[in-house]
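> any chance you could fold what I've pasted below:
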Amino acid sequence: MLKNLLFTHGREAYRRNTYLIMYMFYKNIILVIPVFIFGCFSMFGGTYIYSNIFLDFYNVMITALPIIWFAVFDWELPKQKLLDNPKLYAIGLYDVYFDTKAFWRWFTYAVLQGISITLIVLFTFDTAMISEGQSAGLQLEGN
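Next comes the predicted model:
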């Protein structure tokens, strides 16, 4: 009983928790980078980039579902293979998934994706028009 708990659930809990921590940093960085870049384009004038409803439900609805799905259904290897090979548990001893190299990799991905998403949106909707020929402005780009 204890062997099953340690060598299957303990190892997988470590792996899932490390991904969860890295994902939390990633999603919050990717949320903040567009705000900073949008501030540069709007001359830090106080125009919102995100609607208030989006900010209210971002952590609860948009990012909770992938985390719940991952925590419940993800197994890297079959349980029997984990029980047969106790050396696979060494990922926690050597910080395979949770070290500074992994952190900076996730951080770099978040910054680059946040910049690219923001620039694509800003330059795509830059010429958008609303009714009567008026330009949409920064509010549409933010939404």
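> use CA for all of it now, contacts and neighbours both
OK.
> show me the shaky parts of the protein.
Residues of the chain meeting the criterion pLDDT under 70: 1, 3, 5-8, 125-143.
> now the strands: where do they sit in it?
Applying DSSP state E to the chain gives no strands.
> not counting sequence-adjacent ones, nearest residue to the residue most central in space within it?
Nearest residue to the geometric centre of the chain (CA atoms, centre = their mean): Lys27, 2.9 Å. Counting by CA to CA, 6 or more residues apart in numbering, Ala110 is the residue found nearest to Lys27 once chain neighbours are left out, at 7.3 Å.
> what sits against that neighbour?
26-27, 29-30 (CA atoms under 8 Å, 6 or more residues apart in numbering).
> change it to 10 Å
The contact partners of Ala110, by CA atoms under 10 Å, 6 or more residues apart in numbering, come to 23, 25-33, 104, 116.
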